[in-house]
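my questions are about this predicted structure, shown below with the sequence.
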Amino acid sequence: MQADDNSNLIIDFNQPVSKELYLKHLEEKTLTSILNFETVTKGDTFFIEVGRVHAIGAGIMLAEIQQTSDITYRVYDWDRVDDQGNSRELHNDLAIDAIDFNMPNNFKVSYKTQQNRPENLVTCPYFTTNIVEINKTIHKQNSHDSFMIYMAVGGDAVFEVDGKTTHLLFGETILIPASIIEFSITSTNAELLEVYI
């Protein structure tokens, strides 16, 4: 949604890495030397599958769409400590079995937008995410048998649902229940993420 100059995400490794090489760098505290620092700009989209090492760098505001899960394994914390001198818990014993060391380098999503039509970014078994640029009123029909989530990642929009309007501002999110079949979206400048199951 926004990125300062030279902001980056850590996504995967910058070279082929085996479990043994990973553990060696972890033990020697040189893990960052084999991590891939991906410079990002506004609009960049990534699909980070389960098993891929990743972290968000400073200066980035992003929308993270994910499957329902409360599992995160922390493998490195930049040697930070709290005001008591304690490090945060790391989960390397669990993470080592979760990391997929053979993933292809295909995490960046290429896309082109079309005004007033959804453009698919990611479809997986857990969710679909589209981007929609809107510069007029569009009428939507929910044919997905799912709730629909919209997040304003640029501009703003007015949603009309059952005769009631809601103004969605940049950074805000609205959930349209699956029971709502028809609604409209009006804007002159909106970029919306559209998410459903």
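Great, that's in hand.

biggest helix in the chain, by residue count?
Assignment by DSSP state H gives helix 19-27 as the longest helix of the chain.

give the pairing partners of the helix or strand containing residue 122; include direction for each.
Using DSSP states H and E, residue 122 maps to strand 119-123. Sheet partners assigned to strand 119-123 using DSSP bridges are listed as strand 128-134 (antiparallel).

so which residues of the chain form strands?
2-3, 8-13, 35-39, 54-56, 60-61, 119-123, 128-134, 137-141, 148-154, 157-161, 164-168, 173-176, 182-186, 190-196 (DSSP state E).

dump those strands into a markdown table; add mean pLDDT and mean neighbour count as well.
For every residue, glycine as well, the C-beta is placed using N, CA and C. Formatted as a markdown table, the strands of the chain follow (pLDDT from 0 to 100; neighbours: other Cβ atoms under 10 Å):
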| stretch | mean pLDDT | mean neighbour count |
| --- | --- | --- |
| strand 2-3 | 94 | 18 |
| strand 8-13 | 96 | 20 |
| strand 35-39 | 96 | 16 |
| strand 54-56 | 93 | 15 |
| strand 60-61 | 95 | 15 |
| strand 119-123 | 96 | 14 |
| strand 128-134 | 97 | 20 |
| strand 137-141 | 96 | 13 |
| strand 148-154 | 97 | 20 |
| strand 157-161 | 97 | 18 |
| strand 164-168 | 97 | 13 |
| strand 173-176 | 96 | 16 |
| strand 182-186 | 97 | 17 |
| strand 190-196 | 97 | 21 |
